[in-house]
Each structure stands twice: as C-alpha cells, then as structure tokens.
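S.K.: Test case, fold it:
(2 chains, ligands or ions: 2)
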Amino acid sequence: MAKVTLTVNGRTMSSECDDRTLLVHFIRDKLGLTGTHVGCDTTQCGACVVHMDGKSVKSCSILAVQAAGSTVTTIEGIASQGELHPVQAAFNQHHGLQCGFCTPGMVMTAVDMINRHGGQLDEQTVRHELEGNICRCTGYHNIVKAVLSANEEMHGASRQAAE
Amino acid sequence: MGMEGIGARVARKEDKRFLTGKGRYTDDMVVPGMKYAYFVRSPHAHAKITGINVSAAKAMPGVIDVLDGKQLQADGIGNLICGWMIHSKDGSPMKMGAWRPLAVDTVRYVGDAIAIVVADSVAEARDAAEVVTVDYEELPAVITSVAALEAGAPQIHPEAPGNLIFDWQIGDGAATDKAIAEAAHVTEIEILNNRLSPNPMEPRAALGVYDEAEDHYTCYTTSQNPHVARLVMSAFYNVAPENKLRVIAPDVGGGFGSKIYIYPEEIVCLWASKKTGVPVKWTSDRTEAFLTDAHGRDHVSKVKMAFDKNHRIIGLKVDTIANLGAYMSLFSSAVPTYLYATLLSGQYAIPAIHANVRTVYTNTVPVDAYRGAGRPEATYLLERTMEVAARELGVSPAELRRKNFIRSFPYQTPVIMNYDAGDYDASLTAAMDAADWNGFPARRAEAEGRGKKRGIGMSCYIEACGIAPSQAVGSLGAGVGLWESAEVRVNAVGTIEVLTGSHSHGQGHETTFAQLVADRLGVPLASVNIVHGDTDKVQMGMGTYGSRSGAVGMSAIVKALDKVEMKAKKIAAHLMEADESDIVIENGELKVAGTDKTLPWFQVALAAYTAHNLPSGMEPGLKETAFYDPSNFTFPAGCYIAEVEIDPDTGKTEIIQFVAADDFGNIINPMIVEGQVHGGLAQGIGQALLEEVRYDEVSGQLLTASYMDYAMPRADDLPSFKLSHQNTPCPSNPLGIKGCGEAGAIGSPPALINAITDAIGVEITMPATPLKVWQALQSAEPRMAAE
Ligand code: FES
Ligand code: FES
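M.R.: Ligands and ions are numbered 1, 2, ... in the order given. Have a look, this model is predicted:
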C-alpha cells in the first residue's frame, strides 16, 4: 500500500492505494471523480485522458504512485464557475458527442492540442492528433468541427487580448 | 417550426453533464457495501469441464465467495434463450441448445463464463480468479460456418445435429428458378460479410443489489431496453418476479445492438448479490468485451441475379449460411431471416425472389444484431451484385439501378415487405450531383498521372425500421410485441415530464423528444424533462434498437399528448366559457379562436390540480399514458457514393469523398440526424476497410481481442462527410418519421467496395486492408499489363 497525494482540480487530495493502482482507478475510485473513463486495456482509446503537470496523459498508462506530487486536471476541473470551457461549449454547439463516453478524453485531448499548436490547427492536423482517442458514435465529423471552432474561439480571444 | 420545435437544430440538453464529467454510467455507481466481481472464463473454444476447484481461490485475500454453475442451477436460475422462433422449411422448430449463465459441463467458446469471484476489490477478485482450477477435456473446435456444416465437423450442441439450427426459406423458389433459366444474362457472385465486434466505448457492466429485508433486487446495467431485461430475467431466468426486480439503465455509453441482449453477467451478479449478501459490481474490460459481447454479421452467400435483354431484373436467388456462434442470443434467429431476407428486393422491382438461409453453431461468441442487423448484409449483397452486373452488362451502374427502381407506392415485394413511400431517383440524382459523378473521369485521369488509382462506387439502400405491428411480428415468431409507450405528466405549475419506454444511449432523446412537446404546446424546451431507463419510474416499454425511437417511441408521445391536449382544452373551454372546439393551443397559451380570450398553459395545468373549477364529472390531474403499435415498418432509403484513391505501392485506400443522400421522412433535429448518419458511416466504412473479428481456425482462440488487433476507425481514417436529405414523409406514423440510426452502417460498405473494385479492377472481400488491396493488385497485374 502507498499513500498518494496530488493536487487535483486545484485541491490537494490524498488516499491510500495499492502499489499497482493505475492513476485512472485512483481518480475514479479513490477520489470519486468518475468523469474520467476506462474504455480499453491497452492504452488506445483515450477515454482516460487527463492533464498532468500541464500535459495530456492517458491516466490508464501510469501508476498512481508515479503521479504522486503532481498537479492533475480532470474533465471536472476545466469549466470555471459554471461557465463551460470554450472546448466544452464547442462540443455542445457542434454536436461533438453522442453517448458521451469518449467525451471527457476527447475534450481533454482537444484542450491540450489547441494549447500546443498556438492556434495553428487545420482539419488534417486535428484528425492526426486525435489518433489516440476512439469515438464509436460520432464518426469524428462533428468532433473535428468542434475542435476547429474552439481553436478559432480561443485563438481569436488570445489575439484580442494581445491587441 | 419554432426556434426549439420540430425541425430546429437545437443543441442537446443532455450534453452538459457529459461535457463536465457528470454523466452517470453503470460503472460510476457506488452503493454502500458494494463488492467487485471477476469472471472465470474458458480458455478453450470447446471442452468438457471435468472438475472445478475453488478452495485456493476462496482463501485468497479479500475474497468473499466463489460461485459456480452447479450452485446457480441448484438455485433454479434458468438458461438463456433466443426470443424469436423460426421454423425450418420442413416445419420443424429451430434447434436451440442449452446456454447456462455459468457453464456446468461443457464450454463452447473462449470466454464462456464458468464461475464468479466476489472480492473487496477488482484486483483481488482477478487474483483469485487466476487460482481457480478448472479441469478440462479438450474437444476439437469449429470456427467457420461452412466448416461447421461439413460432415464430421465437431458437434457443438446435442440438440442440433450437424450444427444446423434451422434451414429456412422465403419467396418463390420455382418462379425464381424459371426466371434464371429464361434470363438473357445471369450474374453470379459469392458474397462474404465479415464478422464484426460492435465496440460501444462504454464496456458492459452490471451492479446487482439484493435487499434481504424487502426481498427485492435492483440491477444497474448497460442496457438499451431495461424493461425487456426485467421481463426476460424474471419470466425466463427466474432471477426474481417482475415486481421484485428493478432494472436501471442509467447513462449508457453506446450500444449499437450489443446492449439489447441479456447476458450471463447481469443475471449472475444479481444472483451472487443474494448469495453473498453484498451488492456485486462487474465491469467488463475491453478484452472481455471482445470475448463476450455479441458479434455481428458473419454471412457467406451465393447469389444469382437474372436479367432480361432490356437489363431488367427478373429474378434473384440467394443461398446464405449465417454463423450464430456458440449459443443462440436473444434475437439472433431474426437477424439473418426477417431482418435480412425481407430486404432483398432493395430499391428494385424484382418479380421473383427466393432466399434460403441456414444458421449454424460454431465455437465462437454468439452473433446477434449489430447496427443495421441483417439489412447491411442484404444491402451489401444486393449492391455488390448490381455493380458486378453493371460491369458485366457494360452499362453504367446508375443506369442499371434507375432502370430497375420501384416508382409506384405502395409496392408489395415478393418477400413480405410493403414499401409505403419513397423516391429513389431523387436520392440517386442528389448523390451524383453532390459527388460530381460526371467529373470523375477527369479526376481519375489526373490521379493516374500521379501514379494513383481512383475509383468511384455507389450503393442504393433501403432498410426497414420500427419493426411492427406487434401482431405481425408475433405471427413471424417474435416472443415480444414491438410497440412503445409514453406517459406525459403535466405538473401543477405547467412543467412537463415525459416518461418514455425508449432508451437513449447517445441518440439525444432528451432533446428531440422535448422538441416535440415544445412544438406541440409552445412551451419552452427547458420546461420539458424526458425520463427513461428505470423500470420503477417508467411504465413498461420496449426500448431502443432498429431505429425505432423516433418512428415508434415519439408516436407514443404524440398519442399521449393528444389526450393531454384534449383534456386541457376541455378545462380551458370551461374556464373561459367557450366551446371546446374553439380552443387552440399556441405559444404556451390556450386561446379562444377569433377572440382575445387566453389562458396561459400553466394556469390550465394548475386548474387541473386545484380542481376547484373543473367541468362537471372530470377527474382532477393532467397526466396521460399511451401505447402505440405501428401499422407498418418504415422504409428509410438513400444513395451513397464513395470516391477512393489507392496507392498501388502500399495498397492503402484513401477516401477522397463520401456522399450520403438519405430519405428519413420528416426530421425533428437535423443536427442530431446528421450525427447519427456520421456515426453509422464510420461503422460501415470500418467494416469495409478495417474491421474484422478473426479466430484461429484450429484452436478457436480469438486473435482480435484488443484495440492492438481489431482496427477501429480513427479520426484520420475518415473524411468529413457530405450529407443531404430528400425526404418523403412516412405515411404510417403521425410524425412522418422513418428513422435514421442505422442507415449509415447499412448503405456505406458496398459503396466503398464498389469504389475500390472500380479502382483496382479485381474483386476483393471486406475488410479491404492495404495488404489485401496490394495482394489483389499483384494478382491483377498480369491481366492489366496484357490490356
Ligand atoms: S482507458 Fe486509457 S487509453 Fe483506453
Ligand atoms: S460519443 Fe459515444 S464514443 Fe464518442
């Protein structure tokens, strides 16, 4: 057993867990944040994506003990004061989700993608970058649309702020 | 149409909880004292169980109990059944072998459940499952349907000699043979429809909770039809009487058919909860999902299509073998019969059709309905045959199809269906225009200049949705009725709850159903709530599959709304001292037509509940229930066109464009309908290019049991799609809806394969992987070089 302490969505949280516990199970079962999902056993589906120290990671591919001391953001932590994050809003506006199971991972991947590319995103890049996230419902069409629209929104907003 | 009413592109009401991580799926459920289950499964495709030893497992840390099939049987839990009776052409009933929730003496596929371990954590349950020792006497296995029918093949169920479940036929064999004998041209082709795994992203899960004090069971489960689950678990599996069993299907992460059926795990978790005295939760991992979720398709067919000298189809003969796997799943018998062979007329006037279907047992996962269920198999067979015929006859594929289109409705096919409405020319023309069909030769030449091979292919599909009426499906062997229910509950303040027997697992019912109510009553969308998925809250309903929720589920809501409106009008007429027939409902008000007298909706609702001043004899309250049984199937149809470019060095297919022109009848929310088409297309394209369940044909081991081996379509495998709608309203239901959930998966595979074979000039089977395409090109090379 190990005691793992991390900062999750701005709060310091700690819990005991088995050494073999994956970060995704720690988040879901120990911290009760069930927005992060498990869709596979082989780190391919991306339903479990969270941000760890500012980078998107598949939380099923790392042990909770490895994440000790880090700062983690989950899907529950990206809307601020009831305002949806622009990526969340774009998914709603463009119907980028159906059953919602892949959605938390998609949104977390998209946020990271948009941040990393500093506004330089096109359809091909988005499709390529989504390679690690599987959605069985949407055929990706509206997810791609939503990511591009959020990119526009966030990039436009940062441009305005700089002006 | 209002801003939020029928036809509006309203953003979904349910999205917020999914987008903020607040969706509640079965695996998210936590109840006090809950423990975790792990199943011991067969590593063999076919074996006798000669002994099970659980003592070491019981002694493992955290283990509460280990239970096996003998105990389950001793407690009277019944076998799993197939709920649709099919008779062979000799009149004998289908041969159903026993499917025990936990195998007792024989295992018949890799993954067959044998025992359940209940422990404090999943990890401990899994550790203990590993030390359960099962002694097996291995038996030879058979994997393919064709091999299973061969003389001397391993015998899987004693009830089904030669592994044949039934040998069924439909249509007029003699008339079809005569047409073939007299034909000017006969196209013959063999069609393989590859086996698929549905793969909703949420794995199946079940949480069984037994309450000893109340002698009551609750089952949270990933179901598309919780009431059907309750009915089957109580009436057939003896888990509990219906009034003692509550089934809750909360948020469900996709189904595509695979969550219609009642599987061993939910039955065993409920039973184990009673046995152990603790709530028991099981969540499938992805490998388990590949090993145990019902698969789809897996047909082998021989086709003969006969033409007269004017290229009119005069006969179609089909001989199909369908693999049903190791056991007969809930609706498995209906899929390759009434959901398949009845669609073999397609969009064409074919005077004589005959289909023979044999279904067989093999040592593989049970096969049942997967998005489209029988209709993709029929469409693929027909549209590939049309393409090959057009090439043989030297005519354009569009012209051959146009020449044979059905143009007058209603149209009675020789295989049961009575098509009620459609305009197949309209969708073909729209698709060809959108794809710039006529500009293709230039694009092909341009690609050739770059060393690439371009191809274009079309597919004109028809499907049957909202299967009904109940009396008709009953006469065809269905064990259930296929109606739907709705209750419209107007609260005293005028807000509304709709309790529906349909179940949403991605389809967006919470929005579209609310749009219908908003449209009818002129109340804001936000004042309407849709309740579904809980047998304690909602009256008996039949659930969601076969694109039925709009055509059948919403029609039930219409019927209930009719009753609510009638009563509200009576109350309003009484209060405003007007004639009931003069009352109209508009923009959330009840008005006396031609006057300025109005009453807001909420005031009428309040009057119904205060009951201070109601028409004499009227009961208080404003709440109505309706059951709707459709009078016919609905017939969505359309035309899909794929244009592909193949790199001859690698065999890789790139989809240059994909065009879909659909007739879904009237549409409630175009954005949601488009989303359904996108998703269906991705699954159909997955079938055509990427996906295939493969077993080792000797050992029966599943080779594609993870996302490393089973190729799911990813974002960069797919293009953006070009969609359009050419709608002819459905005459058989009040909203004119046909259904849109499966079309994409039904219509797209043949369009892709027709495009690929157009590009490479040789036949190919699905999935057309780069390796297969490259190999096909190598084999074609000599012929092409000689040209
Ligand atoms: S659960 Fe982490 S990638 Fe699938
Ligand atoms: S929305 Fe269902 S898996 Fe993506």
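S.K.: residue ranges of the helices in chain A, please?
M.R.: Taking DSSP state H as the criterion, chain A carries its helices at A:23-25, A:86-93, A:103-117, A:123-129, A:141-162.
S.K.: Redo the ones you listed as JSON lines? Include distance to B:Gly152.
M.R.: No exception for glycine: its C-beta is placed from N, CA and C like everyone else's. Shown next, in JSON lines, are the helices of chain A (distance: least, CB to CB, whole Å):
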{"stretch": "helix A:23-25", "distance to B:Gly152": "49"}
{"stretch": "helix A:86-93", "distance to B:Gly152": "56"}
{"stretch": "helix A:103-117", "distance to B:Gly152": "50"}
{"stretch": "helix A:123-129", "distance to B:Gly152": "50"}
{"stretch": "helix A:141-162", "distance to B:Gly152": "50"}
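S.K.: Packing partners of the helix or strand bottoming out on mean pLDDT in chain A?
M.R.: Of all helical and strand segments in chain A, the minimum by mean pLDDT, DSSP states H and E falls on helix A:141-162, at a mean of 84. Judged by 3 or more CB pairs under 8 Å, 6 or more residues apart in numbering or on different chains; DSSP states H and E, the packing partners of helix A:141-162 are helix A:86-93, helix A:103-117, helix A:123-129, helix B:670-689.
S.K.: contacting residues for A:Gln31?
M.R.: Check again: residue A:31 is Leu, not Gln. A:8, A:13, A:15 (CB atoms under 8 Å, 6 or more residues apart in numbering or on different chains).
S.K.: Repeat the analysis, applying 10 Å as the threshold.
M.R.: A:4, A:6, A:8-9, A:11, A:13-15, A:64, A:72, A:74, A:76 (CB atoms under 10 Å, 6 or more residues apart in numbering or on different chains).
S.K.: Next: B:Pro636.
M.R.: B:Pro636 touches B:375, B:422, B:461-466, B:547, B:551, B:662-665, B:727, B:730, B:737-743, B:746-747, counting by CB under 10 Å, 6+ apart.
S.K.: measure it to B:Ser547 for me?
M.R.: B:Pro636 sits 7 Å away from B:Ser547, going by CB to CB, to the nearest Å.
S.K.: Give the residues shared as contacts by the two.
M.R.: By CB under 10 Å, 6+ apart, the residues touching both B:Pro636 and B:Ser547 are B:375, B:463-466, B:664, B:737-743, B:746.
S.K.: Could you tell me how many residues sit around residue 75?
M.R.: Going with chain A. For A:Ile75, the neighbour count with other CB atoms under 10 Å in any protein chain shown is 30.
S.K.: think we crossed wires, I meant chain B
M.R.: Counted with other CB under 10 Å, B:Asp75 comes out at 13.
S.K.: Break the chain down into its domains, please.
M.R.: Since no chain was named, I'll use chain A. Domain ranges of chain A: A:2-77, A:86-162, per automatic domain parsing.
S.K.: wrong chain, I was asking about chain B
M.R.: Taken from automatic domain parsing, chain B resolves into B:18-139+B:204-283, B:141-193+B:295-406, B:421-455+B:637-787, B:483-628.
S.K.: So the longest one, near ligand 2 or not?
M.R.: Yes - with CB under 6 Å from any ligand atom as the criterion, ligand 2 is reached by domain B:18-139+B:204-283 at B:253-254.
S.K.: gap between that domain and the chain center?
M.R.: Taking CA atoms, centre = their mean, to the nearest Å, one finds domain B:18-139+B:204-283 lying 22 Å from the centre of the chain it belongs to.
S.K.: Could I get the average pLDDT for it?
M.R.: Rounded to a whole number, the mean pLDDT of domain B:18-139+B:204-283 is 97.
S.K.: End to end on it, go ahead and measure it.
M.R.: Terminal residues of domain B:18-139+B:204-283 lie 20 Å apart, using CA to CA, to the nearest Å.
S.K.: hey, which of the domains of chain A is tucked in deepest?
M.R.: domain A:86-162 (a mean of 22; mean count of other CB atoms under 10 Å in any protein chain shown).
S.K.: tell me, what residue is most central in chain A?
M.R.: In chain A, the residue lying closest to the centroid (CA atoms, centre = their mean) is A:Met108, at 2.0 Å.
S.K.: one step back: I'd like a version of the shared contacts of B:Pro636 and B:Ser547 in JSON lines, one that adds distance to B:Ser720 and pLDDT as further columns.
M.R.: Below are the shared contacts of B:Pro636 and B:Ser547 laid out as JSON lines (distance: CB to CB, whole Å; pLDDT from 0 to 100):
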{"residue": "B:Arg375", "distance to B:Ser720": "25", "pLDDT": "97"}
{"residue": "B:Glu463", "distance to B:Ser720": "24", "pLDDT": "92"}
{"residue": "B:Ala464", "distance to B:Ser720": "29", "pLDDT": "91"}
{"residue": "B:Cys465", "distance to B:Ser720": "26", "pLDDT": "88"}
{"residue": "B:Gly466", "distance to B:Ser720": "30", "pLDDT": "82"}
{"residue": "B:Phe664", "distance to B:Ser720": "20", "pLDDT": "95"}
{"residue": "B:Ile737", "distance to B:Ser720": "26", "pLDDT": "91"}
{"residue": "B:Lys738", "distance to B:Ser720": "25", "pLDDT": "93"}
{"residue": "B:Gly739", "distance to B:Ser720": "24", "pLDDT": "90"}
{"residue": "B:Cys740", "distance to B:Ser720": "18", "pLDDT": "91"}
{"residue": "B:Gly741", "distance to B:Ser720": "20", "pLDDT": "91"}
{"residue": "B:Glu742", "distance to B:Ser720": "21", "pLDDT": "93"}
{"residue": "B:Ala743", "distance to B:Ser720": "18", "pLDDT": "95"}
{"residue": "B:Ile746", "distance to B:Ser720": "20", "pLDDT": "97"}
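S.K.: Kindly reformat those residues as TSV containing neighbour count.
M.R.: Converted to TSV, the shared contacts of B:Pro636 and B:Ser547 look like this (neighbours: other CB atoms under 10 Å in any protein chain shown):
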residue	neighbour count
B:Arg375	28
B:Glu463	30
B:Ala464	25
B:Cys465	29
B:Gly466	28
B:Phe664	30
B:Ile737	30
B:Lys738	33
B:Gly739	27
B:Cys740	28
B:Gly741	27
B:Glu742	29
B:Ala743	33
B:Ile746	32
